[in-house]
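[1] Predicted coordinates and the sequence they were generated for:
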Amino acid sequence: MNEIPDTEQANQELFARLARIADEIDPVPRLAYELGHAAFELRRLDSELAELICDSAADTESLAGVRGELSVRLLSFEAADLDIDLQVVPQAGRRSVLGQVVGTVTDVRMETAEGIVPAAVDPHGRFQVDDIVAGRMRLHVVADGAVYITSWVTV
């Protein structure tokens, strides 16, 4: 019976030694730790996601009496404590976005395929981002001390 605990002790020492050797020869990249921490932060994603609740491109039935095409697209996002309204205007394959956030906004950033673009926000929560690429985009908003991210939308 004494051999089993000695074997377990020897195995634990061997595994600890192998772990030290692996850390020296092939350490875990710092990015892996950062991604792990970021993934852990996603556990609160549902409470911070601003969902798309209204899209004028999808509401064409209510505009059946309007003549001609509408070039301006209106989008509304909503989270528990936040409302975001956007007006998207096409400009030669690019887009101009005028928006307003209801709440005490300290930072707005627009994420597209080209990267993240910061937007200047006035005291009323209004902002504008010009010359963004047509395609998928979302907003990162810091308001009332919380961080919100809109769902992705194609503009």
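    Perfect, thanks for sending it. Numbering: from 1, shown residues only.
[2] what's the helix or strand containing residue 116 packed up against?
    Using DSSP states H and E, residue 116 maps to strand 115-119. Contact analysis of strand 115-119 by 3 or more CB pairs under 8 Å, 6 or more residues apart in numbering; DSSP states H and E lists strand 105-112, strand 126-133 as its packing neighbours. To be clear about C-beta, it is placed using only N, CA and C from the backbone, and glycine gets the same treatment.
[3] Which one of the ones you listed lies nearest to residue 96?
    strand 126-133 (4.7 Å; CB to CB).
[4] Pairing partners for the strand holding residue 116, with directions?
    Strand 115-119 has these partner strands in its sheet, going by DSSP bridges: strand 105-112 (antiparallel).
[5] Counting neighbours, what do you get for residue 144?
    Applying other CB atoms under 10 Å, we find 13 residues neighbouring residue 144.
[6] Show me what the strand holding residue 116 is in contact with.
    Here strand 115-119 makes contact (CB atoms under 8 Å, 6 or more residues apart in numbering) with 99, 107, 108, 109, 110, 111, 127, 128, 129, 132, 140.
[7] Done for today, thanks.
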